[in-house]
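Asks: structure, please.
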Amino acid sequence: EGNDDFKQILFLSGIVTLLYFSLLVSLVVHNLASPMLRHSCRHDQRDALLEFKHEFPVNESHSNPSLSSWNKISDCSSWRGVTCDAKSGKVISLNLSYIPLNNSLKPNSALFKLHHLRNLTLENCDLYGEIPSSLGNLSHLTDLELWGNHLVGEVPASIRFLTQLKNLLLGDNQFSGNIPFAFANLTKLSSLGISENQFTGENFPLILLNLTIPRSISKLVNLEFLDLSNNNFGLIPSYISKLVNLNTFYLSNNKLTGPIPKCFSKLVKLDLLDLSNNKLEGEIPGWLGGVMQLKVSHNSFSKFEESSEVSNIWELD
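Replies: Here you go, the predicted structure:
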């Protein structure tokens with residue numbers, strides 16, 4: 001009986017030992033594989049990035065940021081400005097802010113092969129020329145920032161395919177012409193900045209409100225930030241009241257005329273409204289007293305309504 005107990009103990013010990021080594025091997029394999037899964041960048045994505053790099057004569061001196069980390073030796077998920085999806089290895093974010101690319105975006109640029117990009121930030125990169133229509137290939141984009149370059153011409157109509165966009169910043173460039181009707185397709189926008197360009201039109205950009213399709217006016221109610229300053233916009237339509245979630249609205253340095261439209265009274269969430277440096281006139285209505293920061297300097301206002309209370313945070317002439 002004693003021998004049987006001893007054999008049973010040996011048997012159980014063997015099982016425990018086997019389980020222990022199996023677990024140990026599993027942990028080692030997992031630890032070796034996990035970094036690959038977390039950081040591995042697909043070869044087609046790497047090749048597209050390298051091809052994109054060669055499109056630009058980047059200055060790699062010590063005085064300027066560079067793309068020197070972009071090489072075939074290292075995994076592209078470790079490259080400057082590149083973020084890859086942990087599971088698929090596809091590039092989902094590219095941020096090259098303040099890297100002097102010194103060139104234009106070509107219609108056949110390898111950038112447009114990165115179809116899974118969600119964020120594209122090329123802010124202050126010394127880009128010039130027009131935005132190619134190929135931009136519409138990046139249909140997964142939620143954030144597009146091209147602020148502070150030398151881009152010219154009209155915004156391509158293909159932007160209508162970027163229906164997932166939440167933030168679109170095109171300010172401080174040299175865009176001109178009318179805002180494309182395609183903007184009305186960007187119904188998920190919460191932040192839109194197109195200041196310091198040369199957009200024209202005697203009327204406010206009605207296309208933003210999709211006025212030709214009245215049932216769709218409410219589609220842009222997600223907008224919280226809207227910067228249209230430093231352009232050439234004229235009259236403000238009453239339909240602006242449909243953007244009920246606006247809390248920050250810049251309209252300074254345009255060609256706005258006439259009185260402040262009463263439609264602004266419907267924008268009850270406004271914390272900042274900048275109407276300075278226009279040709280607005282008449283009385284400043286008292287119902288704007290709820291706006292925390294109201295900037296109306298350099299217009300032709302005659303007086304405040306008698307019922308209005310002037311706050312010391314209002315910027316006046």
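Asks: which residues touch residue 48?
Replies: Counting by CB atoms under 8 Å, 6 or more residues apart in numbering, residue 48 touches 91, 110, 111, 113, 114. Quick note: C-beta positions are derived from backbone N, CA and C, even for glycine.
Asks: what's the spacing between the residue lying closest to residue 80 once chain neighbours are set aside and residue 109?
Replies: Nearest residue to residue 80 in three dimensions, chain neighbours excluded: residue 69, at 4.8 Å (CB to CB, 6 or more residues apart in numbering). From residue 69 across to residue 109, the span is 20 Å (CB to CB, to the nearest Å).
Asks: tell me which of these two has more neighbours.
Replies: residue 109 (19 against 13; other CB atoms under 10 Å).
Asks: touching, the residue nearest to residue 80 and residue 77? I think so.
Replies: No - Residue 69 lies out of contact with residue 77 (CB atoms under 8 Å); the separation is 11.1 Å.
Asks: can you pull the pLDDT of residue 8?
Replies: Residue 8 carries a pLDDT value of 64.
Asks: quick check: buried residues in stretch 131-150?
Replies: Using 16 or more other CB atoms under 10 Å as the test for burial, stretch 131-150 gives 131-132, 134-138, 140-149.
Asks: let me fix that: stretch 107-123
Replies: 109-114, 116-123.
Asks: in strands, which of these appear?
Replies: In strands, defined here by DSSP state E, the members of these are 119, 120, 121.
Asks: looking at it, the first one is touching residue 143, isn't it?
Replies: Yes - applying CB under 8 Å, one finds residue 119 in contact with residue 143, separated by 4.4 Å.
Asks: okay, now the unreliable bits of the stretch 101-250 of the chain?
Replies: Residues of the stretch 101-250 of the chain meeting the criterion pLDDT under 70: 201-219.
Asks: buried stuff in stretch 223-243?
Replies: 223-231, 233-234, 236-237, 239-243.
Asks: show the end-to-end separation of it, please.
Replies: End-to-end span of stretch 223-243 (CA to CA, to the nearest Å): 7 Å.
Asks: give me the distance from it to the chain's centre.
Replies: Centroid displacement of stretch 223-243 relative to its chain, using CA atoms, centre = their mean, to the nearest Å, is 19 Å.
Asks: if we can go back for a sec, how about a markdown table for the buried residues of stretch 107-123, with distance to residue 293 added?
Replies: A markdown table is the format used below for the buried residues of stretch 107-123 (distance: CB to CB, whole Å):
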| residue | distance to residue 293 |
| --- | --- |
| 109 | 41 |
| 110 | 44 |
| 111 | 38 |
| 112 | 40 |
| 113 | 44 |
| 114 | 39 |
| 116 | 39 |
| 117 | 35 |
| 118 | 32 |
| 119 | 29 |
| 120 | 31 |
| 121 | 27 |
| 122 | 30 |
| 123 | 25 |
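Asks: partner strands of the host helix or strand of residue 226, parallel or antiparallel?
Replies: Using DSSP states H and E, residue 226 falls within strand 225-227. Paired with strand 225-227 in the same sheet, following DSSP bridges, are strand 191-193 (parallel), strand 248-250 (parallel).
Asks: can you list contacts of that strand?
Replies: Contacts of strand 225-227 (CB under 8 Å, 6+ apart): 171, 190-195, 243, 246-250.
Asks: not counting sequence-adjacent ones, nearest residue to residue 296?
Replies: Counting by CB to CB, 6+ apart, the residue nearest residue 296 is residue 275, at 5.1 Å.
Asks: distance of the one you found from residue 227?
Replies: Where residue 227 is concerned, residue 275 sits at a distance of 13 Å (CB to CB).
Asks: with residue 70 instead?
Replies: 33 Å.
Asks: and if you look at residue 40?
Replies: Counting by CB to CB, the gap from residue 40 to residue 227 is 39 Å.
Asks: then residue 251?
Replies: 9 Å.
Asks: before we move on, what about residue 170?
Replies: 10 Å.
Asks: residues in contact with residue 288?
Replies: By CB under 8 Å, 6+ apart, the neighbours of residue 288 are 260, 264, 265, 273, 294, 308.
Asks: now tabulate the residues you listed in a markdown table and tack on pLDDT and neighbour count.
Replies: Below are these laid out as a markdown table (pLDDT from 0 to 100; neighbours: other CB atoms under 10 Å):
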| residue | pLDDT | neighbour count |
| --- | --- | --- |
| 260 | 90 | 24 |
| 264 | 88 | 21 |
| 265 | 89 | 15 |
| 273 | 94 | 24 |
| 294 | 91 | 23 |
| 308 | 45 | 16 |
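Asks: in helices, which of those appear?
Replies: Judged by DSSP state H, helices contain none of the contacts of residue 288.
Asks: Throw those residues into a markdown table and include distance to residue 154, thanks.
Replies: Shown next, in a markdown table, are the contacts of residue 288 (distance: CB to CB, whole Å):
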| residue | distance to residue 154 |
| --- | --- |
| 260 | 30 |
| 264 | 29 |
| 265 | 34 |
| 273 | 28 |
| 294 | 33 |
| 308 | 41 |
